[in-house]
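J.: sequence unknown, structure follows:
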């Protein structure tokens, strides 16, 4: 199965084409990016460099969140456009799962964190058990203090590798709250990448976990601030 995967869930963006045993190519950028202007150009450039046509794709994968509301909408709209035009399936991938799999070879705890603003992070906790990455704490929007307490309870004195766009912003707080345990992932695996989304999507496709342009939805976890304010006014 040949998959085109895209990610725009953070300030970084990427596109990749992969099959079961091979990553054919990937474009990644994390610099002065406007997703609405660059994402289609990235996909077009990738396919041209690979001398492939989008019609060759058997399915499309997309990171559907959590993350930037605007980035998620752009990535999903782009993916749905491809899927509808070619009548092909969509496989959605959690941004946090994508980040965790990029650190798969780390043998202690893996904690991807994305900036949810208001001193909160979108986060989950993972640990490798054999050849499987097990989710120890489900993804959610957590206050940093409460998340540190949950990590203490689950990890003991083991090392925790942090990745994601909130890592550098909040790492001092995690290092203080988890003395001797908190580690920063190296830059090459600190942001989500479409190549890992493609890997997860291929595994999900073989399990029959596929969607289409009508059923694939963003996973915001938390309502946008404007919607939360509106609901507060209605109460």
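T.: Perfect, thanks for sending it. In this text, all values refer to a predicted model and were calculated from it rather than measured experimentally. Numbering: from 1, shown residues only.
J.: okay, now the sheet partners of the lengthiest strand in the chain, with direction.
T.: Longest strand in the chain by number of residues (criterion: DSSP state E): strand 132-143. Strand 132-143 pairs in its sheet with strand 120-129 (antiparallel), by DSSP bridges.
J.: what's the single longest helix in the chain?
T.: Longest helix in the chain by number of residues (criterion: DSSP state H): helix 69-86.
J.: show me where the protein has its strands.
T.: Applying DSSP E to the chain gives strands spanning 3-7, 13-19, 22-29, 59-65, 90-94, 109-115, 120-129, 132-143, 160-163, 182-184.
J.: and the fifth one, what other elements does it pack with?
T.: It stands for strand 90-94. With contacts defined as 3 or more Cβ pairs under 8 Å, 6 or more residues apart in numbering; DSSP states H and E, the packing partners of strand 90-94 are strand 59-65, helix 69-86, helix 194-206. Every C-beta, even on glycine, is put in place using the N, C-alpha and C of the backbone.
J.: next, name the residue at the spatial heart of this protein.
T.: Residue closest to the average C-alpha location in the chain (Cα atoms, centre = their mean): residue 95, at 1.6 Å.
J.: who's in contact with that residue?
T.: The contact partners of residue 95, by Cβ atoms under 8 Å, 6 or more residues apart in numbering, come to 7, 9, 10, 63, 64, 65, 66, 67, 112, 114, 122, 192.
J.: which of those sits closest to residue 44?
T.: The shortest approach to residue 44 among the contacts of residue 95 belongs to residue 7, at 16.4 Å (Cβ to Cβ).
J.: now that closest one. Nearest residue, chain neighbours left out?
T.: residue 63 (4.2 Å; Cβ to Cβ, 6 or more residues apart in numbering).
J.: lowest-pLDDT helix or strand in this protein?
T.: Lowest on mean pLDDT, DSSP states H and E among the helices and strands of the chain sits helix 225-234, with a mean of 46.
J.: now residue 47: how far from residue 147?
T.: In this structure, residue 47 and residue 147 are 40 Å apart, going by Cβ to Cβ, to the nearest Å.
J.: which one of these two has more residues nearby?
T.: The neighbour comparison of residue 47 against residue 147 (other Cβ atoms under 10 Å) goes to residue 147, with 23 against 19.
J.: that one contacts residue 124, correct?
T.: No. Between residue 147 and residue 124 there is no contact under Cβ atoms under 8 Å: 10.2 Å.
J.: how far off centre is the longest strand of the chain?
T.: 13 Å (Cα atoms, centre = their mean, to the nearest Å).
J.: what angle do it and strand 90-94 make?
T.: Counting by axes from the mean of the first three to the mean of the last three Cα atoms, to 10 degrees, strand 132-143 lies at 70 degrees to strand 90-94.
J.: who's in contact with strand 132-143?
T.: Here strand 132-143 has contacts from 66, 94, 96, 100-101, 104, 109-110, 116, 119-128, 150, 154, 221-222, using Cβ under 8 Å, 6+ apart.
J.: which parts of the chain belong to which domain?
T.: Split into domains by automatic domain parsing, the chain comes to 3-95+191-234, 97-189.
J.: any stretches of this structure with poor pLDDT?
T.: 33, 223-235 (pLDDT under 70).
J.: quick one: contacts for residue 75?
T.: Contacts of residue 75 by Cβ under 8 Å, 6+ apart are 6, 7, 8, 9, 35, 39, 62, 63, 64.
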